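Enquirer: Mind folding the following:
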Amino acid sequence: MIKRMPFMMLIFIMSMVATSVAGIVIYQLYSTQYHHQKDDLLKNVQGQVEMLEFIARNGDEKSKNLLQQFASDENILKQQENPGSAITLDSQWIQEFFGSTGRFLVGKKIGDHIYFFRLTERTDLRLPPPVLSREGSQGPMGRAMRGETGTMKFVGLGDANLIVAYAYIDSLQIGIFSRISISEIRAPFIKNGIITLVVSLLSIIIGTFFYRRYGVAYIEYILEDAQTQKKIAVSRREELHEVKSDHEKTEAKLEESENKYLSIFENSEDPMWLMVEGVFIHCNDAAVKVFRCKSKEIFSQMHPSQFSPVNQPDGNNSFLKAEEMMKLARDKGYARFYWTHSRIDSGEYFPAEVTLTRVMIDEKLGLHAMVRDITELKNMQDNLEDALADAKRANVAKSEFLASMSHEFRTPLNAILGFSEMIREEYLGPLGSKKYSEYAGDIHSSGTHLLELINDILDIAAIEARQSPIDKTYFDFAELVDECFSNVEPLSENNKIKLRRDLDEGLENVFAHKRGVKQIIINLLANGIKYNQEGGEVVLKAHIEDQMLCFCVEDNGFGIEEEFLSRILEPFSRAEDDVLMAQEGTGLGLSICQKLIEAYKGTINVSSTYGDGTAVNVIIPIDEIDQ
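Expert: Purely as a prediction, here's the structure:
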């Protein structure tokens, strides 16, 4: 249970502190106002003195005479003896000051006495008779008559505490002062102090009421919340300890990483160095060794272009090119490029791969450079390119040879086919035995198959040798498909495969290589028929899209296993290894299609799911379409 007395004391103390602070503030404001009043009184008196001095020196004769008469000893003594003889003053000489008690008092010393009288607020009056001063020489008028100017506290008639400002008017030989009651200055501040005290007492009463009514439960809530916050603070302190521990672990790992980097840097067989603003600041032993420099100190004083030829192989100046690549690495954070370096001692050139990485070195932007001598790699690459060029030349020679030998291959085969057909059909009379006719039929069938194989080989050779001309013409694609279907119908009927077409409109006038497109379609249809099952279906779909002839041959046959799919377009490749399922042919059909499509700058894509059929998509650019 919470004890109430400490909280009551707390409210009381807080109210007293607030009252004390308010009292101090009121006192400071009063002190400030007090000093302001003193300054204003003095300024007012000095202003009055300046005005009277000015009138005495520069005023009109009437004003001068009035002042001289007013300030003369004879007039002052006369007025004291006979008050009815006092002169009348105009209101312009009467000056009102601050507050209800504020007045100007004028005095003059005659003999050992000081006489003074007050200027009232009336606009037109006779001066009251002068009064003999009893204030003495230390009073404000006494000080004024000694020629002094200033302010002071003074106890006036009725023991009133006053603030007085005084001054001496030399030209008239009179003193003047103005006053204001201190009680008048204090009055508003005393009032505010009383109000503050009353408000503080009311605050204590109201605070006590609300505390007794609502405060206990709220304070209990605050204390409970404080306990919760304490637990949270403890938990966060523990988390902070864990974070600190993790931070220390991170620093340890960072130090370990830096040590590893330094070890790799120093022990690497590839030259490495660090640069800041194009100046080397550190390099490893490999840099000295590879570039054959005498020491790290000498190497660190050089620019990368100093161990390079004057110009790089591309004709660019080495110094300018090096600056360009360093700027690129600083801007993008990384740059890798090939460079020709030279040995410092012999000037021998060698190719290198340079990697520049942006790093921060002592809070400055720097570069880490790694150079790898690729002389052996370059030699291997050159040898490989030479071997590849030789292989290409040999392949072209082979293709050119086969293409040029097409006539020599076909002529004897055509003779064999022709004579075997004559013997099989017994054009010149009976052979005498049916076996001769059967043998002639076998010779003709084998020769036909061999001619087809040779035609495929010669076709791909002609394509590779670029001896097959590409003559584009306008043709009706639908009619071309009819020709293709007629060509493969015997094969489809023999295998009991259904042929179907699905052609969009707009294919009446296609501008392309008709013979090549026909050969592609026949090859794809033949494959779809051969690698299908009895009762299966082969579908040809075609449409025009974005100046492209797009057609697809789909079947629902055996499909192609995934391991064969990646190399199905290679020459002499087959879709199966099973001898029982293997079909007649060279395995060049799809390869011939690919070569033709590449010659037309088109694309071919084969997709298949084993056991669920195959789809071959072909896209060929066409120059014109007459819609």
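
Enquirer: and residue 172, backbone torsions?
Expert: Note on residue 172: its backbone torsions stand at phi -110, psi -10 [degrees, to the nearest 10].

Enquirer: Now residue 301. Nearest residue, chain neighbours left out?
Expert: Distances taken as CB to CB, 6 or more residues apart in numbering put residue 280 closest to residue 301, at 7.3 Å, once the chain neighbours are dropped. (Glycine included, C-beta is placed from N, CA and C.)

Enquirer: Give the residue spans of the stretch 501-627 of the chain that score low on pLDDT.
Expert: 571-587, 623-627 (pLDDT under 70).

Enquirer: Show me the helices in it, by range?
Expert: 514-530, 562-565, 589-599 (DSSP state H, counting those that start in this stretch).

Enquirer: residues touching residue 280, list them.
Expert: 273, 274, 299, 300, 301, 302 (CB atoms under 8 Å, 6 or more residues apart in numbering).

Enquirer: what do you get for residue 540?
Expert: By CB under 8 Å, 6+ apart, residue 540 lies in contact with 481, 499, 500, 501, 502, 503, 521, 525, 551, 552, 553.

Enquirer: Pull the residues that contact the longest strand seen in the chain.
Expert: Determined from DSSP state E, the single longest strand within the chain is strand 349-361. Residues external to strand 349-361 that are found in contact with it (CB under 8 Å, 6+ apart): 274, 276, 281, 309, 325-326, 328-330, 332-343, 365-375, 378.

Enquirer: residue ranges of the helices in the stretch 251-400 of the chain, please?
Expert: 285-290, 296-300, 318-332, 375-404.

Enquirer: The contacts of residue 280, buried ones only, as a PyMOL selection?
Expert: Per 16 or more other CB atoms under 10 Å, the buried members of the contacts of residue 280 correspond to this PyMOL selection:
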select buried, resi 273+274+299+300+302
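
Enquirer: Now list the buried members of the contacts of strand 349-361.
Expert: 274, 276, 325-326, 329-330, 335, 339, 341-342, 366-371, 373-374.

Enquirer: so what's residue 280 bridging to?
Expert: Per DSSP bridges, the residues bridged to residue 280 are residue 275.

Enquirer: returning to what we had before: dump the contacts of residue 280 to TSV, plus distance to residue 565.
Expert: Output for the contacts of residue 280, formatted as TSV (distance: CB to CB, whole Å):
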residue	distance to residue 565
273	51
274	51
299	56
300	58
301	61
302	57
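
Enquirer: The contacts of residue 280 into TSV, with extra columns for distance to residue 451 and pLDDT?
Expert: As requested, the contacts of residue 280 are exported to TSV (distance: CB to CB, whole Å; pLDDT from 0 to 100):
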residue	distance to residue 451	pLDDT
273	70	81
274	73	85
299	73	80
300	77	75
301	79	77
302	73	79
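
Enquirer: which one of the contacts of residue 280 is nearest residue 561?
Expert: Checking the contacts of residue 280 against residue 561 by CB to CB gives residue 273 as the nearest, at 54.8 Å.

Enquirer: can you pull the contacts of the residue nearest to that closest one when sequence neighbours are not counted?
Expert: Nearest residue to residue 273, sequence neighbours excluded (CB to CB, 6+ apart): residue 283, at 3.8 Å. Residues near residue 283 by CB under 8 Å, 6+ apart: 271, 272, 273, 274, 296, 299, 300.

Enquirer: one more time with 6 Å
Expert: 273, 296, 299 (CB atoms under 6 Å, 6 or more residues apart in numbering).

Enquirer: now, which of those sits nearest residue 569?
Expert: For the contacts of residue 283, the nearest to residue 569 is residue 273 (49.8 Å; CB to CB).

Enquirer: Have a look at the chain and report the helix or strand with the lowest mean pLDDT.
Expert: Here the helix or strand of the chain ranked lowest by mean pLDDT, DSSP states H and E is strand 125-126, holding a mean of 42.

Enquirer: Distance to residue 610 added to the helices of the stretch 251-400 of the chain, as JSON lines?
Expert: Listed next are the helices of the stretch 251-400 of the chain as JSON lines, based on distance: least, CB to CB, whole Å:
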{"stretch": "helix 285-290", "distance to residue 610": "54"}
{"stretch": "helix 296-300", "distance to residue 610": "63"}
{"stretch": "helix 318-332", "distance to residue 610": "48"}
{"stretch": "helix 375-404", "distance to residue 610": "33"}
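
Enquirer: Tell me which of these sits most buried.
Expert: Among the helices of the stretch 251-400 of the chain, helix 285-290 has the highest mean neighbour count (mean count of other CB atoms under 10 Å), at a mean of 18.
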